[in-house]
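Asks: what shape does this take:
(4 chains)
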There are 2 protein chains.
Amino acid sequence: MLERQSRGDSALLQSPQYETNTLGTLLVLEKRQPLFHSAGSADEVYLIESGLALVYRNLPSGQRQILELVQAGDVCGFTDRSRYVSSCYTLTPCIVRRIRQQDVAVSTSVRSAVTQSLRRRLEACHDHIVLLGRSGAEAKVCALLLWLRDLESAASSNRTSFHVPLTRTEIADYLGLTLETVVRTFKDLERRQIIELNDRYDLRIVALEAMRERASQINR
Amino acid sequence: MLERQSRGDSALLQSPQYETNTLGTLLVLEKRQPLFHSAGSADEVYLIESGLALVYRNLPSGQRQILELVQAGDVCGFTDRSRYVSSCYTLTPCIVRRIRQQDVAVSTSVRSAVTQSLRRRLEACHDHIVLLGRSGAEAKVCALLLWLRDLESAASSNRTSFHVPLTRTEIADYLGLTLETVVRTFKDLERRQIIELNDRYDLRIVALEAMRERASQINR
DNA sequence: CGATTCATTGACAAGCATCAAGTGGCGTGG
DNA sequence: CCACGCCACTTGATGCTTGTCAATGAATCG
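Replies: Purely as a prediction, here's the structure:
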């Protein structure tokens, strides 16, 4: 794990949207590296500058529920408890600013970034709740795939296929399904030529409109 | 709907937890009164001073998903969009402070109340997501009933039974179930003498431990 | 006192979970 | 370098949980 004190001397730190160049520590993380862990001491918050991470909770039964997918601009680990109640790791390579919990109050720009992120994450959770509460397996999978596609196409456009950074198990844990159901749903979409899989993590949406219809369809 | 300008001359306004006595308009609402509606102009935020309200979204299919139950201290309607994306109404009689969206930034205490509430609501949404994603009907119902009970017993203790302020349909829409499943689950719990119903909205938890076990049980 | 809303109950079917047995790729160590 | 094991996934058979549909009951309201 690369780590260095931030002194505003890196191009990465000159992002104009947050004037937090001199605050916190910049982490350059590979994919699938932990940010914080449930029950750990909640000393720091993590501002994601680039990449995708996920927040999850392990349940007493050994099951896992993925709570959120967090992206650039999001702050996680912000709590008034002494220990984290959920865990977090990166899905893609990430640049993350680690800031002491107590320093959040100091900087106006960090505070407003936190508020902004809380607001956006809350709305994302609302979407997630709708998905979990009122959609069938197919709608869940389609909605997630569309979301991941929009994420990529925002960065690098004109690509016909995109990378799915979650394993089938992670998709299942995000959508409240089993691994097997996720696999079968993928197969179904492939059979009906709505998607194409180059390999398991490289996906092309063939029929975008069919996909959108299915994503907003209510089955249960 | 009672409405009056807040001038700090009412006992209701002297709540010490928020020094917002001179900000916004105080609303005294009956149960089941709307606060704001999806697609309405998002001009104001609503700080709940007492009572319980719910936030929901209507889906294209005509279905409804209840997103959150909000209580004293919570702020809802806070968004950077020009229009609300969800709707909100009271479940119980409520005292609500209505504050112009643009005034939120002005008052330090309001700002910190907003942040505090966003944080708490986000964690509540996480709980909700776990419930929707990883629990069976019985666990969902038990968890909600326990939550409602704790809410009441925090206010007026020593009562053997408590009031359920949601209809069966609302419970279903909160838990991502159908009305029928909720009814059957209630009947089951009653038959096994885990709860008792005086009338449909007056409930007593007979076997608290059995209830807690069921609430954290994973079925699906 | 009909009309409306909300809830109850039963019969049935569908969707998804569970269980079980395999497949395929990848890294490790003999 | 190949065998081995591991991990993530794939595929199939089966059944439970929960949704759907339909008919009825109870409470509220103008």
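Asks: let me know the pLDDT of the residue sitting nearest the centre point of chain A.
Replies: Nearest residue to the geometric centre of chain A (Cα atoms, centre = their mean): residue A:69, 2.1 Å. At residue A:69, the model reports a pLDDT of 98.
Asks: tell me if it really is in a strand.
Replies: Yes: assessed with DSSP: H, G, I helix; E, B strand; the rest coil, residue A:69 lies in a strand.
Asks: so what sits opposite it in the bridge?
Replies: Beta bridges link residue A:69 to residue A:54, judged by DSSP bridges.
Asks: just checking, it touches residue A:52?
Replies: Yes: using Cβ atoms under 8 Å, residue A:69 is in contact with residue A:52, at 6.2 Å. Every C-beta, even on glycine, is put in place using the N, C-alpha and C of the backbone.
Asks: okay, and the common contacts of the two?
Replies: Common contact partners of residue A:69 and residue A:52 (Cβ atoms under 8 Å, 6 or more residues apart in numbering or on different chains): residue A:91.
Asks: show me where chain A has helices.
Replies: Taking DSSP state H, the helices of chain A run over residues A:108-134, A:137-155, A:168-175, A:179-191, A:208-215.
Asks: near DNA strand D, which residues of chain A are found?
Replies: A:167-170, A:179-180, A:183-184, A:186-187, A:200, A:219-220 (Cβ under 7 Å from any atom of the strand).
Asks: recalculate using a threshold of 10 Å.
Replies: A:32, A:133-134, A:136, A:164, A:166-173, A:178-188, A:190-191, A:197, A:199-201, A:218-220 (Cβ under 10 Å from any atom of the strand).
Asks: can you narrow those residues down to the ones near DNA strand C?
Replies: A:136, A:172, A:178-185, A:188, A:199-200, A:218-220.
Asks: could you pick out the buried ones from these?
Replies: A:172, A:181, A:182, A:185 (16 or more other Cβ atoms under 10 Å in any protein chain shown).
Asks: list phi and psi for the spatially closest residue to residue A:148 that is not a sequence neighbour.
Replies: Sequence neighbours aside, residue A:164 is the residue nearest to residue A:148 in space, at 6.0 Å (criterion: Cβ to Cβ, 6 or more residues apart in numbering or on different chains). Note on residue A:164: backbone dihedrals following degrees, to the nearest 10 are phi -100, psi 110.
Asks: could I get the contacting residues of residue A:164?
Replies: A:145, A:148, A:171, A:200, A:201, A:202, A:203.
Asks: backbone dihedrals for the fifth one, both of them.
Replies: Yep, that's residue A:201 we're talking about. Per-residue torsions, residue A:201: phi -120, psi 10 (degrees, to the nearest 10).
Asks: ok, it touching residue A:163?
Replies: Yes: contact criterion Cβ under 8 Å: residue A:201 and residue A:163 qualify, at 6.0 Å.
Asks: identify the contacts common to the two.
Replies: Counting by Cβ under 8 Å, 6+ apart, nothing touches both residue A:201 and residue A:163.
Asks: so where is chain A shaky, pLDDT-wise?
Replies: A:1-21, A:156-158, A:219-220 (pLDDT under 70).
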